[in-house]
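Visitor: predicted coordinates and the sequence they were generated for:
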Amino acid sequence: MTKSDIIDRIAAGTGLTKLETEAVIDGFLKTVIDALVHGESVELRGFGTFRVRERAPRVARNPRTGQTVALDTQHLPHFKVSREFRDLVDRSHKEPPNSTA
């Protein structure tokens, strides 16, 4: 599913125009990104939490040349799904498909 598909579904379900829906989604994404850039976490109950995780410095290897490369500490965005969301997805994939006869 793409961002465009999400916009279409939300617009159809809410009665907002696609332009209004796109503005809301863009605003939401910008808010989440800005919060993470400023070191804040974003918690959406029932969905999950966006946080910044620190990755320790390490030594990596260039696969083409085999040369080792020292990598500095990295700060990466991380999403942790909520228990409710995780359980819902798990159950939906374990249930037998509905038979329509």
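Guide: Nice, I can see it. Residues are numbered from 1 along each chain as shown.
Visitor: just checking, what's the longest helix in the protein?
Guide: helix 18-37 (DSSP state H).
Visitor: ok, and what's touching that one?
Guide: 3, 6-8, 10-11, 14, 16, 41-42, 50-52, 77 (C-beta atoms under 8 Å, 6 or more residues apart in numbering). For glycine as for every other residue, the C-beta is placed from the backbone atoms N, C-alpha and C.
Visitor: list the buried residues in that helix.
Guide: Under the neighbour-count criterion of 16 or more other C-beta atoms under 10 Å, helix 18-37 has Thr21, Glu22, Val32, Leu36 buried.
Visitor: so which of those residues comes closest to Asp90?
Guide: Val32 (24.9 Å; C-beta to C-beta).
Visitor: out of the contacts of helix 18-37, who's the most crowded?
Guide: Counting neighbours by other C-beta atoms under 10 Å, Ile7 leads the contacts of helix 18-37 with 20 neighbours.
Visitor: what helices and strands are in contact with the helix or strand hosting that one?
Guide: For Ile7, the host element (DSSP states H and E) is helix 3-14. In terms of contacts (3 or more C-beta pairs under 8 Å, 6 or more residues apart in numbering; DSSP states H and E), helix 3-14 is packed against helix 18-37.
Visitor: got the angle for the helix it packs on vs helix 3-14?
Guide: 120 degrees (axes from the mean of the first three to the mean of the last three C-alpha atoms, to 10 degrees).
Visitor: which helix or strand lies directly C-terminal to helix 18-37?
Guide: strand 42-44.
Visitor: got the contact list for that next one?
Guide: By C-beta under 8 Å, 6+ apart, strand 42-44 touches Thr31, Val32, Ala35, Leu36, Thr49, Phe50, Ser82.
Visitor: tell me the one of those residues nearest Asn62?
Guide: Leu36 (29.1 Å).
Visitor: any idea how far Ser82 is from that closest one?
Guide: Distance, Leu36 to Ser82, using C-beta to C-beta, to the nearest Å: 18 Å.
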